[in-house]
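Engineer: Below is the structure, and that's it, no one-letter string:
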């Protein structure tokens, strides 16, 4: 996963802060604000860390 990458992800859960969570591979989570369980938004990866990333919605 790299910053600037665009992906279509499945929102599977909601985190403690209310962000949508998408799992990408074993043990890797992407946090996406303003999303709900069941959505499949097109997102752009903004920040990448060892076990997680933050993304923003760029389309549906």
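Structural biologist: The structure has been received and is ready for your questions. This is a predicted model, so every value here is computed, not measured.
Engineer: ok now do the nearest residue to residue 8 once chain neighbours are set aside, which residues does it touch?
Structural biologist: With CB to CB, 6 or more residues apart in numbering as the criterion, residue 8 has its nearest non-adjacent residue at 5.3 Å, and that residue is residue 42. For every residue, glycine as well, the C-beta is placed using N, CA and C. With contacts taken as CB atoms under 8 Å, 6 or more residues apart in numbering, residue 42 has the following neighbours: 6, 7, 8, 57, 58, 59, 60.
Engineer: And the helices in the chain?
Structural biologist: Counting by DSSP state H, the chain forms no helices at all.
Engineer: Can you name the residues that contact the most centrally placed residue in it?
Structural biologist: Among the residues of the chain, the smallest C-alpha distance to the mean C-alpha position (CA atoms, centre = their mean) belongs to residue 30, namely 3.4 Å. The neighbourhood of residue 30, defined by CB under 8 Å, 6+ apart, consists of 1, 7, 9, 21-24, 43, 45, 52-55.
Engineer: Just the buried ones out of the contacts of residue 42, please.
Structural biologist: Buried members of these, scored by 16 or more other CB atoms under 10 Å, are 7, 57.
Engineer: quick check, nearest of the contacts of residue 42 to residue 34?
Structural biologist: Lowest distance from residue 34 to these (CB to CB) belongs to residue 57, with 6.5 Å.
Engineer: Hmm, the closest one is touching residue 40, no?
Structural biologist: No - here residue 57 lies out of contact with residue 40, judged by CB atoms under 8 Å, at a distance of 10.7 Å.
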